[in-house]
Structure formats: structure tokens, C-alpha cells
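>>> Give the three-dimensional model of this entry:
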Amino acid sequence: MSDQIVRATAAGAQIRAFACNTKELVEKARQAHNTSPVATAALGRLLTAGCMMGSMLKGDKDILTLQVKGTGPLQGMTVTADSKGNVKGYAVNPQVLLHANAKGKLDVAGAVGEGFLTVIKDMGLKEPYSGQTQLQTGEIAEDITYYFATSEQTPSSVGLGVLMEKDNTVKQAGGFILQLMPFAEESVIARLERNLSGIESVTGLLEQGNGPRRLLGILLDGLEPEYTDTLPASFYCDCNKKKVERVIISIGQKEIQEMVEEGQEIEVNCQFCGSHYKFGVDELKLLLKKAAKK
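Numbers count the residues shown, from 1 in each chain. Down below sits the predicted model:
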């Protein structure tokens, strides 16, 4: 099944819900950054959350950024997403290796450590919205649940999971976000809590062959879910050589002049997708001329 996000409401719009499967996009990120298993799991969870939170944005040009900065060996992660299901991201130390945690699972919390989650929404206004909360567990899902509760005052339940194959490729990945509206009735909240209590893991449900729609059907059982729409989710980076040229020009004449004088080809790598862009001396001379006109 191709990666997709399914959006729904339930209990007469007292709940809004999102679920996605992200195996392909998380695997693409793993390949782009050559991430270790624990880094794949951590980044995969944040990418999964990012694509769902991005789909909450209204405008075509709105951009969401999630930044995790922690004391653990992973050091941090950055993910950006748009409203169309496109997401990209990277880990600062993608090759981090850790022993399994006490439950025998990948130690994402140990890799992340203590720190902060920052959520930035650029919606074309004069200043982007920015909210920051302290990491609660470093497991990502709980940290985003806490962010929604404290920064957006929206009671939420977030589930995220990445399951690895023995060859360290991605076997399953996906997640859900359930949010209660301010007018949610106690009986609705109680039913939702009962449904959630029966969920052991997102990847376990995905392994059983449940796609996003069926995942929401299980989570919203007895709450009359209404599926509003489905959109594709993908790991997509909009970088290109022209954009990289603009970045080089922005660093100024002095630095570009020094590159020209060294007489060597330079290579610029995109942090988000790992693409490489090379610039020869003649190209650098042209960029120097453009910088001089600034």
C-alpha cells in the first residue's frame, strides 16, 4: 500500500482524527541519510507526525517545522512538512548506535535524551507561529501529545511507530493523532479512552494488515467515524541547483572570491535529502558577479 494520510471526524465532530502509513517515506529517508536503526526509528516517528500535522494546515504554501533538540547522542532532528502530505527531515547524528532498551526495543528515548520540541508554523503572516515545550520522554509521540495539550490547549492522543527488518530496512511505519474538541461529551471521552487502552502498538496493527482507514476504524469504534478525505504522503525535498546558487550568493562576495581563488570545485549537500550539487570555478565566477550586483 502506498503511503497515505486519512482524515476523519467522529461522534458528530466531537473528535477529529488523522492516521497514516509511512513505510515508503521513512525508508526513503533512511536511504537518503544512511541512518542507523535507532536513528531511523526516531526520525521516522517525527516524519510521521510531521506529515499528519502538516495536513492540518490550511494554505497551499503553509509550512510546518518540527525541531527536536536533545542531550542524547542523536543531538537533534528537524522535519518540515506542507499541507499536501509532503515531508522531509534529517537527524544531526544519523549513524548513532545504541543498545536496545529494557523492553528489548530500539532506544529512541536514549538517543534523543532530554531537551525541547519546537513547532513552527509559517502561514504567510508577518511572523511565523512558534511554540516550544520540554521533552517528556524523548519517545516523540508522548512529546507531541504534551505539545498539543500545553501549547495549543488541545487534548490529544498521538501514536507513532517504526518497525525495522533484520536487514535494517523499514518493515512498517505509521501513526495516528486523535484530538478532542472543546465540546466533547464525557461519554465520548470515556469511549475513546477505552478504545485506546486496547491498543498495544501502531506497528502491531499495521503488521496485521490494517491501513490508515482501518486503523481509525479500530480507534474510533462505536464513535461513528466519518472519513473526510485521503491524501498521499511522501518524502519530498524541493531543493534544486538554482536554490543552492541563491544560498551561495547570499554568503557574500568575500567568501565566494576565496572559493574562486582556491581553484577547486565545491560540493554543497542538502541536509534534508542528501542531494549533492557541484559548482566548478567558472560557475563560482558567475555567482561572484551576481553577488557583486546585490
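>>> use CA for all of it now, contacts and neighbours both
Noted.
>>> How are the strands of the stretch 101-250 of the chain distributed by residue range?
For the stretch 101-250 of the chain, the strands defined by DSSP state E, counting those that start in this stretch cover 115-122, 129-134, 156-164, 170-180, 226-232, 234-235.
>>> which residues touch the fifth one?
Read it as strand 226-232. The contact list for strand 226-232, computed with Cα atoms under 8 Å, 6 or more residues apart in numbering, reads 2-10, 84-85, 213.
>>> if we go to 7 Å?
If you take Cα atoms under 7 Å, 6 or more residues apart in numbering as the criterion, strand 226-232 is touched by 3-10, 85.
>>> before we move on, what about the last one?
Under the criterion Cα under 7 Å, 6+ apart, residues 3, 25, 28-29, 85-88 lie in contact with strand 234-235.
>>> Likewise for the longest one?
Applying Cα under 7 Å, 6+ apart, the contact partners of strand 170-180 are 14-23, 27, 48, 154-165, 202-203, 206.
>>> tell me the mean pLDDT for stretch 99-116?
Averaged across stretch 99-116, the pLDDT comes to 92.
>>> Can I get that stretch in PDB, CA atoms only?
Provided in PDB are the C-alpha atoms of stretch 99-116 (Å, rounded to 0.1, in the frame of the first residue of the first chain):
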ATOM      1  CA  HIS A  99      21.900  -1.000  22.700                       C
ATOM      2  CA  ALA A 100      18.200  -2.000  22.900                       C
ATOM      3  CA  ASN A 101      16.200  -0.600  25.900                       C
ATOM      4  CA  ALA A 102      14.900  -2.600  28.800                       C
ATOM      5  CA  LYS A 103      12.000  -3.800  26.700                       C
ATOM      6  CA  GLY A 104      14.300  -5.100  24.000                       C
ATOM      7  CA  LYS A 105      13.300  -2.300  21.600                       C
ATOM      8  CA  LEU A 106      15.200   0.400  19.800                       C
ATOM      9  CA  ASP A 107      16.100   3.000  22.400                       C
ATOM     10  CA  VAL A 108      14.700   6.200  20.800                       C
ATOM     11  CA  ALA A 109      14.400   7.900  24.200                       C
ATOM     12  CA  GLY A 110      18.100   7.200  25.000                       C
ATOM     13  CA  ALA A 111      19.100   8.500  21.500                       C
ATOM     14  CA  VAL A 112      17.100  11.700  22.000                       C
ATOM     15  CA  GLY A 113      17.800  12.500  25.600                       C
ATOM     16  CA  GLU A 114      16.400  15.500  27.500                       C
ATOM     17  CA  GLY A 115      15.600  18.700  25.600                       C
ATOM     18  CA  PHE A 116      13.000  20.600  23.800                       C
END
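>>> nearest to Gln257, of the strands of the stretch 101-250 of the chain?
strand 115-122 (34.2 Å; Cα to Cα).
>>> Check which helices and strands that closest one is in contact with.
Applying 3 or more Cα pairs under 7 Å, 6 or more residues apart in numbering; DSSP states H and E, we find strand 115-122 packed against strand 63-70, strand 129-134.
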